[in-house]
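> Using only what follows, build the 3D model:
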Amino acid sequence: MTRVLVAEDIGASGVELLRQHFDVTTAFDQDGFDLAARIGEFEGLLIRSATKVDADMLANATALRAIGRAGVGVDNVDVPAATKRGIIVANAPQSNVVTAAEHTLALLLALARNVPQAHAALKGGEWARKKYSGVELMDKVLGILGFGRIGQLVAQRAKGFGMRVVAYDPYVGAERYRELGVEKAESSDDVYAVADFLTLHLPKTPETEGWLDAEALAKCKDGVRILNVARGPLIVDEDLQAALESGKVGGAALDVFRSEPMTDSPLFGFDNVVVTPHLGASTAEATDRAGFQAAEQVVAALTGGAVTTAVNVPAIAAEDLEVLGPFVPLCRQLGRIAISLAEGSSVDRVEVELLGRIAERDTRPLATAALLGVLAGHTEEDVNEVNAPAMAEERGIQLVETKNATARDFQDLVRITVHSGDRSERVVGTTFGRRNRPHLLEAWGQRFDVQLEDQLTLFRYTDEPGRIGAVGTALGQAGINVVSAAVGRDVSGGASGEAVMVVTTDATVPPEVLDGVVGIDGFTAGRSITL
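Next up, the predicted model:
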């Protein structure tokens, strides 16, 4: 009988599910259990966050076929090493979304009605009804920044209180907002302008760190109340403190902090600040749910079922991988470029066109890679090769894949188009040479040919002499070296048509340098992209 090891307490329901299918050993209730020495006995392994499954342990796990992580993160598992050994690694990504959404609502109510302050006062012997009079949620505007799984659940629950909900997330389809009865903001500024309560549900990325700073807070309504149950670094603490002191912000409810554990922050000294010690995912139900969901995935993996939350790449035929392998990073890069150039306020559809010999293969990894390029870094939940299609569906983003075994001018060609309402942005690429170097062939409606590098910048301008020199001079003055450049121009209308220049550089082009070039007469747009 298949043997499964439960290294940590995942909850009774998860263990019971496993016992219905396998011979289960529980290590967490045995003193001195030597996991490293005995791992080779088991085909399945269930863990939480304390167990470290590194490459050395996996080398001894000769029978292991599946690892279930009862929780979201898999930092304690060497996923690449597991993948090389054909071991499926699955997590429980939806185990805490309800819990996080409910905690957001708990803080929302506590903030509106001064519950913690009144509780402390009454226990201290003070009957202060007038002092702690609050506000109703009915007819108030809840602004949501980040409209993924948790943001959507918060919206549904807030509408039950009669709130008007306005959300901003350019990586969610417009139809999804309509389905939930939520107003789609065109920008974060539009949310700031109307929100009585503002809740953050963004991922932590270089772009979102410090998102809510003095400049953003200045755009908010006077007396706005701020909630953060997502990531501590999303808020600049010093700017929030200043806004609380001035009265610009009427209160804040914080569950997460820039560094944790946090027990001594200047924000704790404000009477109108409610804090909890990162309890967003901490409920008995969430803990049990994570264990049960992880157990479900291990059962599926070991009995031939569908593993829906694997975090490592599902296997494809070796002969397909040999042909498609070089195009996986290309598709991801093209998806990244397309979304960076798109100008709409939502993503409604992603089209992936595959032409040439690649169209004759199992191309699922290519379409998924394109989605990864579009979504990566823009969702509160981690996106990977397995969950990208499901995450796109949840966000109302349609994935359309078309294949044609014939490609004009090239042996293989990839076209990726991002649609946003009545706008669309198409990019085209291929690979060249024995080393399969990725090349960008079309963007912003113009054709050219440039080998893709990590740093890519595009400019759109009126086609007149001196444009290349202007860009080169600006980059040179900033100490940025040009690796390669190419120009595509519209010759149908004769001179002074539109042109697009793409430049690869050895360093990131700072926003001020980009804005300086775009500010030159004749330049109309610029984008700097890190691939």
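> Show me the shaky parts of the chain.
In the predicted model of the chain, residues 313-318, 491-496 satisfy pLDDT under 70.
> Domain-wise, how is it divided?
Annotated domains of the chain cover 3-94+285-303, 97-275, 316-443, 453-531 [automatic domain parsing].
> Can you say which of the ones you listed is nearest to Thr309?
Closest approach to Thr309 among those (Cβ to Cβ): domain 3-94+285-303, 4.9 Å. Quick note: C-beta positions are derived from backbone N, CA and C, even for glycine.
> What's the end-to-end length of the closest one?
One end of domain 3-94+285-303 to the other measures 12 Å (Cα to Cα, to the nearest Å).
> now swap in stretch 440-459 and tell me
End-to-end for stretch 440-459, by Cα to Cα: 14 Å.
> Kindly report the same for stretch 60-79.
Stretch 60-79: ends 15 Å apart by Cα to Cα.
> just to revisit the earlier point, TSV for the domains of the chain, including mean neighbour count?
Listed next are the domains of the chain as TSV, based on neighbours: other Cβ atoms under 10 Å:
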stretch	mean neighbour count
domain 3-94+285-303	19
domain 97-275	18
domain 316-443	19
domain 453-531	16
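> how about these in TSV, adding distance to Thr309?
Output for those, formatted as TSV (distance: least, Cβ to Cβ, whole Å):
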stretch	distance to Thr309
domain 3-94+285-303	5
domain 97-275	13
domain 316-443	7
domain 453-531	27
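> How about Ala12: what's its closest non-neighbour residue?
Excluding its sequence neighbours, the residue lying closest to Ala12 (Cβ to Cβ, 6 or more residues apart in numbering) is Asp288, at 7.6 Å.
> for Asp490, same thing?
Nearest residue to Asp490, sequence neighbours excluded (Cβ to Cβ, 6+ apart): Gly497, at 3.9 Å.
> show me what contacts the one you found?
Gly497 makes contacts with 462-463, 489-491, as judged by Cβ atoms under 8 Å, 6 or more residues apart in numbering.
> right, and the pair among these with maximum separation?
Of all the pairs that the contacts of Gly497 form, the one spanning the most space (Cβ to Cβ) is Thr462 and Val491, at 13.7 Å.
> Surely Leu5 forms part of a strand?
Yes - assessed by DSSP: H, G, I helix; E, B strand; the rest coil, Leu5 belongs to a strand.
> mind listing what Thr104 touches?
By Cβ under 8 Å, 6+ apart, the neighbours of Thr104 are 150, 154, 199, 201, 227, 229, 280.
> Filter these down to the ones in strands?
Cross-referencing those against strands under DSSP state E gives 199, 227.
> Same list (the contacts of Thr104) but as TSV, adding distance to Arg467.
What follows is these, written out as TSV (distance: Cβ to Cβ, whole Å):
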residue	distance to Arg467
Ile150	45
Val154	47
Thr199	44
His201	42
Leu227	47
Val229	48
Gly280	50
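> Apart from its chain neighbours, what residue comes closest to Leu334?
Here the residue nearest Leu334, using Cβ to Cβ, 6+ apart, is Ile416, at 4.5 Å.
> Where does that neighbour sit: helix, strand or coil?
Criterion first, three-state DSSP; result for Ile416: strand.
> ok, now which ones touch it?
331, 334-335, 338, 350-353, 370, 373, 426-428.
> Same question for Gln398.
Gln398 neighbours (Cβ under 8 Å, 6+ apart): 173, 348-350, 392.
> Is Asp169 in contact with Gly146, as I believe?
Yes - with contacts counted by Cβ atoms under 8 Å, Asp169 reaches Gly146, the gap being 5.6 Å.
> Need the phi and psi values for the residue most central in space within the chain.
For the chain, the residue nearest the mean C-alpha position is Thr379 (2.3 Å; Cα atoms, centre = their mean). Per-residue torsions, Thr379: phi -120, psi 150 (degrees, to the nearest 10).
> any idea how far the nearest residue to it once chain neighbours are set aside is from Gly396?
Nearest residue to Thr379 in three dimensions, chain neighbours excluded: Gly148, at 5.3 Å (Cβ to Cβ, 6+ apart). Gly148 sits 11 Å away from Gly396, going by Cβ to Cβ, to the nearest Å.
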